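**Student:** what follows is a predicted protein model with its sequence.
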Amino acid sequence: VVRCAVLSTSRAGAAPGSKKGPKRVELAIDARGVQKGLRLEDIASSRVTTLFGLVASREARGYVVDVGVGGATGFLAFKHCQEDIRVGAPVECRVLRLDPDSGVCALTTRDVASAKNAPEKTGWSFRALCVGQRVRACVH
């Protein structure tokens with residue numbers, strides 16, 4: 001499963017607004033579109049524990065990951081990878097820590113599924129929720 005953002009929906013080969021023809025959904029895996037609305041504060045406060053990103057480059061000690069959050073850059077050290085990753089590949093990562101001064105998020109590809117369980121905190125906003133994340137909530 002890869003996180004994605006819906007760019008548009010339409011009926012292929014039909015006039016605009018028509019109810020006939022096959023359905024078409026245009027998707028993007030651009031990290032900025034997928035995590036639209038997330039802020040650095042959401043990561044710093046541990047509201048967001050997993051991030052989707054695209055590997056931007058391979059460096060001497062790991063990968064630089066574009067996580068699509070303004071002011072944040074992901075770094076995935078080789079020791080936190082389960083396999084070799086090519087530049088441009090999408091990755092689902094768990095946030096290990098964030099340096100608030102530089103905006104660098106230390107990431108890992110290990111235990112991502114368990115990190116999708118939201119910590120029990122208050123002050124959540126809908127923009128901090130991620131696809132597949134489990135939450136316990138009470139709507140008042």
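**Tutor:** Looks like it came in fine.

**Student:** okay, now the sheet partners of the helix or strand containing Glu26, with direction.
**Tutor:** Per DSSP states H and E: Glu26 is located in strand 23-28. With DSSP bridges as the test, strand 23-28 is paired with strand 5-11 (antiparallel).

**Student:** immediately after the strand holding Glu26, which helix or strand?
**Tutor:** As assigned by DSSP H and E, the chain's next helix or strand after strand 23-28 is helix 31-34.

**Student:** name the helices or strands packed onto the helix or strand immediately after that next one in the chain?
**Tutor:** Downstream of helix 31-34, the next assigned helix or strand under DSSP H and E is helix 40-44. Packed against helix 40-44 by the contact rule (3 or more CB pairs under 8 Å, 6 or more residues apart in numbering; DSSP states H and E) you find strand 90-99. For the C-beta atoms, the positions are set from N, CA and C on the backbone; glycine is no exception.

**Student:** now do the following helix or strand past the strand it packs on: distance to the chain's middle.
**Tutor:** Following strand 90-99 in sequence order, the next helix or strand is strand 104-108 (DSSP H and E). The chain centre lies 13 Å from the centre of strand 104-108; the measure is CA atoms, centre = their mean, to the nearest Å.

**Student:** stretch 86-93 now?
**Tutor:** Using CA atoms, centre = their mean, the mean C-alpha position of stretch 86-93 is found 11 Å from that of the whole chain.

**Student:** if you average pLDDT over it, what comes out?
**Tutor:** Mean pLDDT, stretch 86-93: 91.

**Student:** how long is it from one end to the other?
**Tutor:** 15 Å (CA to CA, to the nearest Å).

**Student:** and for that stretch, what's in contact with it?
**Tutor:** 2-3, 29, 50-58, 63, 65, 74, 76, 85, 107-109, 112 (CB atoms under 8 Å, 6 or more residues apart in numbering).

**Student:** select only the buried ones of those in PyMOL?
**Tutor:** Of the contacts of stretch 86-93, the buried ones go into a single PyMOL selection, burial set by 16 or more other CB atoms under 10 Å:
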select buried, resi 3+50+51+52+53+54+55+56+63+65+74+76+85+107+108+109+112
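
**Student:** just the buried residues of stretch 83-92, please?
**Tutor:** For stretch 83-92, by 16+ other CB under 10 Å, it's 85, 90-92.
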